[in-house]
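Enquirer: Quick one, structure for this:
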Amino acid sequence: MKEKLLLAGSGGFGRVVLEHAAKEYECAFLDDGNCPVVDGAPVIGRLEDMARFFPEYRYLLVTIGNNALRERLYKRAESIGYTFPNLIVPSAYVSPRAVLGSGVIILNNAVVQNNARIGSGTILNPGVEAHHDSNIGDNCLIYTNSVVRSLTRVGNRVWIGSTATVSTGAAVPDDAVIEDGGVFTGR
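Expert: Sure, this is the predicted structure:
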C-alpha cells in the first residue's frame, strides 16, 4: 500500500508534480478552487484545511510557484507536524555528495553536482543545473534550462526565469528576480 501525500496547490505545477508523485504515493490535493478532481486526484479541501488532514496524511508538498506563499504554507504545515519528502524524478541526477533540504522538487533532466546545496522547498524545473559547490537557498523557484554555476550563493525565495545563468562566484540576494535569459554576475 502506498503512503498518502497531500499536494497543496492543484494548478499547473501541482499537476506536473502529481504525474511523478503518483508513481510512489497515493495523492490528493488541497486547493482553493472549485474543482473536485484534478487529473484523477481528489481535491479534498482548501489550503486553510491542512490541519484537518493530519495525521491521515503525514506527507505534504507545496506545489505552488509563488515563493513567499510556498514558504508560508510550509511553515504552517511544519507547525502541524507534516513531513516533507523530496521528489526527484528518475531522469534527474543528484550527486550523492549534494545536500538537499526537505520538500525539494527536482524535475526532468535537472543536475545537482557534487557538494551543491539545495534549500528546503526549492523547485528545480527541467534541465536546471546546480554546479558543484553552489548554494541555493530555501523556497526558490528556478525555471527550465537555467544554470547556477560553481561557488555561487543564491538567497532565499529567489525566482530565476528560464535559460538564465548565475555566474561563478555570484551572490544573489534574498527575494531577487532574474528574468528569462538573464545573466546575474553580481558579487
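Enquirer: Give me the contact list for stretch 135-142.
Expert: 65, 67-68, 70-71, 74, 101, 116-125, 128, 130, 148, 152-160, 174 (C-beta atoms under 8 Å, 6 or more residues apart in numbering). Any C-beta I mention is one placed from the backbone N, CA and C, and that applies to glycine too.
Enquirer: can you tell me which of those are in strands?
Expert: Arg117, Ile118, Ile123, Leu124, Ala130, Val148, Arg153, Val154, Trp159, Ile160 (DSSP state E).
Enquirer: Next up, the contacts around the second one.
Expert: By C-beta under 8 Å, 6+ apart, the contact list for Ile118 reads Ala98, Val99, Leu100, Gly101, Val104, Ile106, Val112, Leu124, Ala130, Ile136.
Enquirer: Please spell out the PyMOL selection for the buried subset of those.
Expert: Buried residues among these (16 or more other C-beta atoms under 10 Å), as a PyMOL selection:
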select buried, resi 98+100+101+104+106+112+124+130+136
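Enquirer: Any chance of the contacts of Ile118 in TSV with distance to Asp39 and pLDDT as columns?
Expert: TSV is the format used below for those (distance: C-beta to C-beta, whole Å; pLDDT from 0 to 100):
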residue	distance to Asp39	pLDDT
Ala98	30	98
Val99	32	98
Leu100	26	98
Gly101	27	98
Val104	22	98
Ile106	21	98
Val112	27	98
Leu124	22	98
Ala130	29	98
Ile136	29	98
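Enquirer: Out of the contacts of Ile118, which is nearest to Glu19?
Expert: Ile106 (14.2 Å; C-beta to C-beta).
Enquirer: these two touch, right, the closest one and Pro90?
Expert: No - applying C-beta atoms under 8 Å, one finds Ile106 not in contact with Pro90, separated by 10.6 Å.
Enquirer: Pull the contacting residues for Ile64.
Expert: Ala8, Gly9, Gly11, Phe13, Gly14, Arg70, Leu73.
Enquirer: Show me which of those residues are buried.
Expert: For the contacts of Ile64, a neighbour count by 16+ other C-beta under 10 Å gives the buried set as Ala8, Gly9, Phe13, Gly14, Arg70, Leu73.
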